[in-house]
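In: Pasted the sequence and its predicted model underneath.
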Amino acid sequence: MIELEGVPELIDPVMVAAFEGWNDAGDAASTAVAHLDREWKGEVFAALDAEDYYDFQVNRPTVWLDNGVRKITWPTTRLSVVRIGGEKPRDLVLVRGIEPSMRWRSFCNEILGFAHELGVEMVVILGALLGDTPHTRPVPVSGVTSDPDLARTMDLEETRYEGPTGIVGILQEACTHAGVPAVSLWAAVPHYVSQPPNPKATLALLNRLEDLIDLRIPLGELPEDARAWQLGVDQLASEDSEVAEYVQTLEEARDTAELPEASGEAIAREFERYLRRRDGGPGQGPGPGGPGQGPGIATEGGDTSYLRETGGGRTRPPKPEQPGPEAAPEPGPESEAGPESEAGPESAPEPPREGEGSEDGDGEE
């Protein structure tokens, strides 16, 4: 049994998790959890034993100096808690780490042990995959669950994915078997600009999370970062006629697929978000036009879309066949030396870590 000291009783806690690695294209998911931790000043209360779950030849420890004293940081997964006040107080348990190299079942059982002891009501796992989606359009965010009842009550997709998976998929299934409501949110990252960071995808995940748990999330400088990122990618694309032509092809396919979805429901959802931010709600942070929040471009997950320079790593995409319309791109990643990618969110693919190369296969996690 896990015994927690110094952790107060939490109010309606929700666990939000993200893992670097195959599930984290553009570092969008792990950056989203890091943003929550930073904005709400999370307090770390536990860390999993790195010796149990990580291959240090794959995820190497780092050495650093602290006032001339050499110290080592080991790759691991840490848990922190954030207390959120307001009219509707709610606490979050943040789980942020690296996809483990081994003993995935034990890893998930340990995470679930913490969830049980803290009285977690729901687990939300964030992921990001590489897809055939243009950077100029709203970031598609899919919400999936293995629980048919949860899918109905929260307007989520019930996962039908079959194929290789990553820790996001395994943890979601472990939650389901343990009777803990679990949801995965997947953002699609353009495969032709897969290098991190991708603040536009991070923003999409946070806005979708905000809708899911009915909690206002302070965005800080993220909308401005997202705007800068998109402008940077626009400039890179304009300098290469083949890339520009490819992006236009993706835009046409996306626009055709989404014509039926420019519905009253989508407009109402965006208007509700606007009202919530204007009037203030649980969580905090200035509303539109307030400090640190510029205007945004609505994204499919409800994000304000924008961007920062890409750091130069642009892959020239092969001239593809005209992609067919699809409501949410499912292609995922496959690393140069990594696992085969899959299709669709976990239901969705889990892209390889940055540095393993860009890809545009189907992937899942």
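Out: Thanks, I have it.
In: burial measure for Asp255, as a count.
Out: 13 (other C-beta atoms under 10 Å). Yep, even glycine has a C-beta here, placed from its N, CA and C like the rest.
In: where exactly do the helices run in the stretch 51-200 of the chain?
Out: 104-118, 148-153, 167-177, 199-213 (DSSP state H, counting those that start in this stretch).
In: Most tightly packed of those helices?
Out: Of all the helices of the stretch 51-200 of the chain, helix 199-213 carries the top mean neighbour count, a mean of 27, counting by mean count of other C-beta atoms under 10 Å.
In: Dump it to CSV, keeping only the CA atoms.
Out: Provided in CSV are the C-alpha atoms of helix 199-213 (Å, rounded to 0.1, in the frame of the first residue of the first chain):
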residue,chain,number,x,y,z
PRO,A,199,2.9,25.4,-29.0
LYS,A,200,-0.1,25.4,-31.3
ALA,A,201,-0.7,21.7,-30.6
THR,A,202,0.0,22.2,-26.9
LEU,A,203,-2.6,25.0,-26.8
ALA,A,204,-5.1,22.7,-28.5
LEU,A,205,-4.7,20.0,-25.9
LEU,A,206,-5.0,22.5,-23.0
ASN,A,207,-8.2,24.0,-24.5
ARG,A,208,-9.7,20.5,-25.0
LEU,A,209,-8.7,19.6,-21.5
GLU,A,210,-10.3,22.8,-20.2
ASP,A,211,-13.6,21.8,-21.8
LEU,A,212,-13.4,18.2,-20.6
ILE,A,213,-12.9,18.9,-16.9
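In: elements contacting it?
Out: helix 28-39, strand 122-131, strand 141-145, strand 182-190, helix 222-238, helix 264-279 (3 or more C-beta pairs under 8 Å, 6 or more residues apart in numbering; DSSP states H and E).
In: Quick one: list the elements packing against the fifth one.
Out: On a contact count with 3+ C-beta pairs under 8 Å, 6+ apart, helix 222-238 meets helix 199-213, helix 241-258.
In: Could I get the buried residue list for it?
Out: The neighbour-count check on helix 222-238 (16 or more other C-beta atoms under 10 Å) flags 222-230, 232-233, 236-237 as buried.
In: Poorly predicted segments of this protein, please.
Out: Along the chain, the model assigns pLDDT under 70 to residues 1-6, 258-365.
In: how close does the spatially closest residue to Pro89 that is not a sequence neighbour sit to Val93?
Out: With C-beta to C-beta, 6 or more residues apart in numbering as the criterion, Pro89 has its nearest non-adjacent residue at 5.1 Å, and that residue is Ile11. Counting by C-beta to C-beta, to the nearest Å, the gap from Ile11 to Val93 is 12 Å.
In: Skipping adjacent residues, who's closest to Pro190 in space?
Out: His135 (4.7 Å).
In: So that neighbour sits against His191, correct?
Out: No. In this structure His135 lies outside contact range of His191 using C-beta atoms under 8 Å: 10.4 Å.
In: Ala187 bridge partners, please.
Out: Ala128, Val141 (DSSP bridges).
In: Could you report the neighbour count for it?
Out: Residues near Ala187, counting by other C-beta under 10 Å: 35.
In: OK, contacts around it?
Out: Residues in contact with Ala187 (C-beta atoms under 8 Å, 6 or more residues apart in numbering) are 25, 28-29, 126-129, 139-141, 201-202, 204-205, 208, 301.
In: gap between it and Val120?
Out: 23 Å.
In: Same check on Ser142?
Out: From Ser142 to Val120 the distance is 23 Å (C-beta to C-beta).
In: The two: which has the busier surroundings?
Out: More crowded of Ser142 and Val120, by other C-beta under 10 Å: Ser142, with 26 against 22.
In: Could you measure from that one over to Ala29?
Out: From Ser142 to Ala29 the distance is 13 Å (C-beta to C-beta).
In: For the residue lying closest to Asp37 once chain neighbours are set aside, give the beta-bridge partners.
Out: Spatial nearest neighbour of Asp37, chain neighbours left out: Leu94 (5.3 Å); criterion: C-beta to C-beta, 6+ apart. Note on Leu94: beta-bridge partners by DSSP bridges are Val16, Ser80.
In: And the buried residues of helix 222-238, which is closest to Thr256?
Out: Within the buried residues of helix 222-238, proximity to Thr256 (C-beta to C-beta) peaks at Ala237, which comes in at 20.2 Å.
In: surely Val189 meets Gly26?
Out: Yes. With contact defined as C-beta under 8 Å, Val189 reaches Gly26; the gap is 4.4 Å.
In: Looking at the two, which one has more neighbours?
Out: Val189 (34 against 28).
In: ok, so of the contacts of Ala187, who is nearest Ala174?
Out: Closest to Ala174, out of all of those and judged by C-beta to C-beta, is Gly127, at 15.3 Å.
In: Alright, I will stop here.
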